[in-house]
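# Below are the sequence and a predicted model for it; my questions follow.
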Amino acid sequence: MAFDLDMIEAVYQRIGDRVNKAREITGKPLTLAEKILYSHLSQGMPNEIYERGNSYVDFAPDRIACQDATAQMALLQFMQAGKKKVAVPTTVHCDHLIQAKVGAAADLQNAINTSNEVFNFLDSVSNKYGIGFWKPGAGIIHQVVLENYAFPGGMMIGTDSHTVNAGGLGMVAIGVGGADAVDVMADMPWELKFPKLIGVKLTGKLNGWTAPKDVILKVAGILTVKGGTGAIVEYFGEGAENLSCTGKGTICNMGAEIGATTSTFGYDKSMERYLRATGRDAVADLANNVKEHLTGDAEVYANPEKYFDQVIEINLSELEPHVNGPFTPDLATPISEMSAKAAANDWPTKVEWGLIGSCTNSSYEDMSRAASIAQQAIDKGLKPAAEFGINPGSEQVRYTIERDGIIDTFEKIGTKVFTNACGPCIGQWARTGAEKGEKNTIVHSFNRNFAKRADGNPNTHAFVTSPEMVAAIAISGNLGFNPITDTLTNDKGEQVKLDPPTGWELPPKGFDVEDAGYKAPAEDGSNVEVNVDTESKRLQLLSPFKPWNGKNITGAKLLIKAKGKCTTDHISMAGPWLRFRGHLDNIANNTLTGAVNAFNEATDKVKNQLTGEYGAVPDTQRAYKAAGIPTIVVGDHNYGEGSSREHAAMQPRHLGVAVVLVKSFARIHETNLKKQGMLGLTFADEADYDKIQEDDTFDFTDLTEFAPGKQLTLVAKHADGTSDTIMTNHTYNDSQIGWFKAGSALNLIKLQNNS
């Protein structure tokens, strides 16, 4: 079934004229990313050249996708916007609030029992405002989007950083905070700084043990977690055409781990095959009519150095399987080097768990290739040395792999089959023994491996690799096991070698499903009631943030000076806290509890300047708020990397933090801070980070002159009576300064709607 076919047809009807106009204005051939961007301008036809990395541009995305954890806050905000229906096709997917513990059926029922209030709220608010609703168990948002909604040449935004997965079907799909989504739901333009362009030329063809996952693991090692910031990564070349559509999705998915705005591939035969296999012949037919506009111009790909800001070339025929980690997804190690590297770094080589799934690797192809390794274990008399778990990406995938015997193969080697949901990838994993905090190693096919992310244990060394490598390493129980060269001892004492994986790009018998889990909204939702209990611990209606008073912020105290990596997981942890994603005051009790205090190397332990005592970050901040004292958070490089969760901006804002001053920001988090009416600033001189002292009080001297491109001056007053003047930079334009003055972007929307 093809959803929103009229919308897709309209996109394709106008794309040719807009691409041709953009080519005329720029006077050059265009990359795919440029074609999609220029054909989705909110004004319609292009009329000017935009400067990459500098121009702020208003876009009109085609659709929005929200997962249940972030949808709560996004829809609570949308309810304040005064609209009767969302302006563009929108969906909500219940995939984050299901904890992996026992197995699929029991875990799903437990989630329904414990989060029914939230699911009912999302169901009713979706029904009221014309939003498609995917029930718990229907699948992981990005797999479901790829199967049902993604289309070549389209633009979508989603309230999850891995929205970028849809680039596997040729979209420009971008993860945003809920406030950005609310803008588009409310028929407002969506603003983005025109991205830079990174081209990745793929030659050759994957073979043996190498998988699409290894492409992005290699790229992550080259670009690091911040190398793609502010850029779209566009893959092209014969190697790209040799990849499956879901393999392309895997590569685009982990583009979030290099900080990229998004990643994408040009439309090709693999995408057409996938569209038709998932019941979207009509979309494939439409795409074929405009296919020249759904990929980069030939001259661009022939001379990429002339048209991209950076070019990387990878020969797939020579690419080696990679295992990335621990604690960061960009620490890339070819499998041939892992044994020596693990020994040199004292990484535990005994593997406790192998996990396959997440939005990154849960397709039919992923499951079939991993199952081929599991079948070899059965055939060759091998018993897995590690525990094993899988999360199918959708009910459609689960139903089909059960029909085809793939689940049975996994279960024969003792695999736990978890619900079609995110599960361990986002910390929704009740792992037995994790509370002991023991040093251990797990391998998984997920996208992120920050400390504590999967199981809450800071000593769990998590390594990211392909599903087939997860299977091989889990069977061996050894992190350094190289299936290309190494042998294993079977139950007869024989030395046996695993053969390279095999599998199917698409199910030979086609996809099948009895109940995909979709619920369409009411045609007219005006009579639908959305009730939120005032005594609820899970949901809380929002109150608007206060506008700026027009004066300089003075007398601000330092809340925390965060040292090193400070991701959105450090600012607003997931795991058990997910249950409070719809209750801002309750979830605020985890604010910055994972950030490392630069003054004592501890987490969740900061000095309260009112009492001189040390306490938890949220408690200390609440004390400042009660006293009417604004505060400042200071951070390091790439502050706010990781998930798109806007809670990492809303929570500090709710608690009274006024300013976040860092060496550099991750893109989504910087935007989220702006949307919530906060000041997100960077040090003009990064060395000034070292001048910030624990007892500092801060005064702005020129905030009343806040303007685009103009530095702001901050005076840091030290306890010994001395002070330092610190110059700060910002990227606010006139519209964003308007958000700050109004108290938030949503406040400004309401003002405009009421005027």
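Ah, there it is.

# Give the buried residues for the top helix by length along the chain.
As assigned by DSSP state H, the longest helix anywhere in the chain is helix 104-129. Buried residues in helix 104-129, counted by 16 or more other CB atoms under 10 Å: 104, 107-108, 110-112, 115, 117-119, 121-129. Backbone N, C-alpha and C define where each C-beta goes, glycine included.

# Quick check: the gap between the residue nearest to residue 107 when sequence neighbours are not counted and residue 13.
Excluding the flanking residues, the one nearest residue 107 by CB to CB, 6 or more residues apart in numbering is residue 419, at 5.0 Å. Using CB to CB, to the nearest Å, residue 419 is found at 40 Å from residue 13.

# got it, and residue 478?
56 Å.

# Tally up the residues packed near the residue nearest to residue 149 when sequence neighbours are not counted, please.
Leaving aside its chain neighbours, residue 149 sits nearest to residue 3 (5.8 Å; criterion: CB to CB, 6+ apart). Residues near residue 3, counting by other CB atoms under 10 Å, number 17.

# Let the chain start at 7 from now.
Sure thing, new numbering starts at 7, so read that last one as residue 9.

# Look at residue 9 and give its secondary structure.
Of the three states, residue 9 takes coil according to DSSP: H, G, I helix; E, B strand; the rest coil.

# Now do the same contact list for it.
With contact set as CB atoms under 8 Å, 6 or more residues apart in numbering, residue 9 has these partners: 95, 138, 154, 155.

# need the contact list for the last one.
Residue 155 sits next to 9, 10, 69, 71, 95, 97, 162, 172 when contact means CB under 8 Å, 6+ apart.

# Okay, the closest residue to residue 754 other than its chain neighbours and residue 724: tell me how far apart.
Excluding the flanking residues, the one nearest residue 754 by CB to CB, 6+ apart is residue 748, at 4.2 Å. Counting by CB to CB, the gap from residue 748 to residue 724 is 34 Å.

# Please identify which of the two sits among more neighbours.
residue 748 (21 against 15).

# Which residues are in contact with the more buried one?
If a contact means CB under 8 Å, 6+ apart, then residue 748 has 553, 554, 683, 754, 757 as its contacts.

# Would you list the phi and psi of it?
Dihedral pair for residue 748: phi -80, psi -10, per degrees, to the nearest 10.

# again with residue 241
phi -100, psi 140.

# is it true that it touches residue 268?
No: checked against CB atoms under 8 Å, the pair residue 241 and residue 268 is beyond contact range at 11.6 Å.

# So which residue is dead centre in the protein?
Closest residue to the average C-alpha location of the chain: residue 167 at 2.1 Å, with CA atoms, centre = their mean.

# show me the contacts for that residue.
181, 262, 648, 649, 650, 674.

# Kindly provide the distance from it to residue 677.
12 Å.

# From the contacts of residue 155, pick the one nearest residue 81.
Residue 81 lies nearest to residue 97 out of those, by CB to CB, at 11.9 Å.

# Out of the helices and strands in this structure, which is least certain?
Of all helical and strand segments in the chain, the minimum by mean pLDDT, DSSP states H and E falls on helix 751-760, at a mean of 80.

# shaky segments in the stretch 607-756 of the chain?
Residues of the stretch 607-756 of the chain meeting the criterion pLDDT under 70: 650.

# For residue 281, which non-adjacent residue is spatially closest?
According to CB to CB, 6+ apart, the nearest residue to residue 281 is residue 290 (4.1 Å).

# Quick check: which element contains the one you found?
Using DSSP states H and E, residue 290 maps to helix 287-295.

# List the buried residues of that helix.
Within helix 287-295, the residues that count as buried by 16+ other CB under 10 Å are 289, 290, 292, 293.

# what about the closest residue to residue 372 other than its chain neighbours, neighbour count?
Distances taken as CB to CB, 6+ apart put residue 473 closest to residue 372, at 4.6 Å, once the chain neighbours are dropped. Residue 473 has 31 neighbours, counted by other CB under 10 Å.

# I'd say residue 473 and residue 362 touch.
Yes: here residue 473 reaches residue 362: they are 4.6 Å apart, a contact under CB under 8 Å.

# what do these two both touch?
372, 373, 376, 451.

# can I get the residues you listed in CSV with neighbour count and secondary structure?
Converted to CSV, those look like this (neighbours: other CB atoms under 10 Å; DSSP: H, G, I helix; E, B strand; the rest coil):
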residue, neighbour count, secondary structure
372, 33, helix
373, 29, helix
376, 32, helix
451, 28, coil
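
# what two of these have the greatest distance between them?
Farthest-apart pair in the shared contacts of residue 473 and residue 362 is 373 and 451; separation 10.4 Å (CB to CB).

# Now do the shared contacts for the two.
362, 473.

# ok so, going back, who wins on neighbours among the contacts of residue 9?
residue 155 (25 neighbours).

# Report pLDDT for it.
According to the prediction, residue 155 has pLDDT 98.

# Please tell me how far it sits from residue 455.
Distance from residue 155 to residue 455, by CB to CB: 28 Å.

# before we move on, back to that, what sits against the residue nearest to residue 372?
Applying CB under 8 Å, 6+ apart, we find residue 473 in contact with 217, 219, 362, 367, 372, 373, 375, 376, 451.

# Go again with 7 Å.
With contact set as CB atoms under 7 Å, 6 or more residues apart in numbering, residue 473 has these partners: 362, 367, 372, 375, 376, 451.

# With respect to residue 148, which of those is nearest?
Distance to residue 148, by CB to CB, is smallest for residue 367 among these, at 11.1 Å.

# I'd say the closest one and residue 219 touch.
Yes: the pair residue 367 / residue 219 is scored as a contact, 6.3 Å apart, by CB atoms under 7 Å.

# Check the contact lists of those two and give me the overlap.
Common neighbours of residue 367 and residue 219, using CB under 7 Å, 6+ apart, are 256, 451.

# Can you show me the helices along the stretch 7-156 of the chain?
Counting by DSSP state H, counting those that start in this stretch, residue ranges of the helices within the stretch 7-156 of the chain are 11-32, 38-44, 74-84, 110-135, 147-154.

# now the angle from the third one to helix 110-135?
In this case it means helix 74-84. Interaxial angle of helix 74-84 relative to helix 110-135 (axes from the mean of the first three to the mean of the last three CA atoms, to 10 degrees): 20 degrees.

# elements contacting helix 74-84?
strand 96-99, helix 110-135, helix 184-191 (3 or more CB pairs under 7 Å, 6 or more residues apart in numbering; DSSP states H and E).

# Make CSV out of those and add distance to residue 466 and mean pLDDT.
Formatted as CSV, the helices and strands packed on helix 74-84 follow (distance: least, CB to CB, whole Å; pLDDT from 0 to 100):
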stretch, distance to residue 466, mean pLDDT
strand 96-99, 27, 98
helix 110-135, 20, 96
helix 184-191, 30, 91
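
# Just send these back as a markdown table, with distance to residue 400 too.
Converted to a markdown table, the helices and strands packed on helix 74-84 look like this (distance: least, CB to CB, whole Å):
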| stretch | distance to residue 400 |
| --- | --- |
| strand 96-99 | 10 |
| helix 110-135 | 13 |
| helix 184-191 | 22 |
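
# Point out the one among these that comes closest to residue 505.
Counting by CB to CB, residue 505 lies closest to helix 110-135 out of these; the figure is 29.5 Å.
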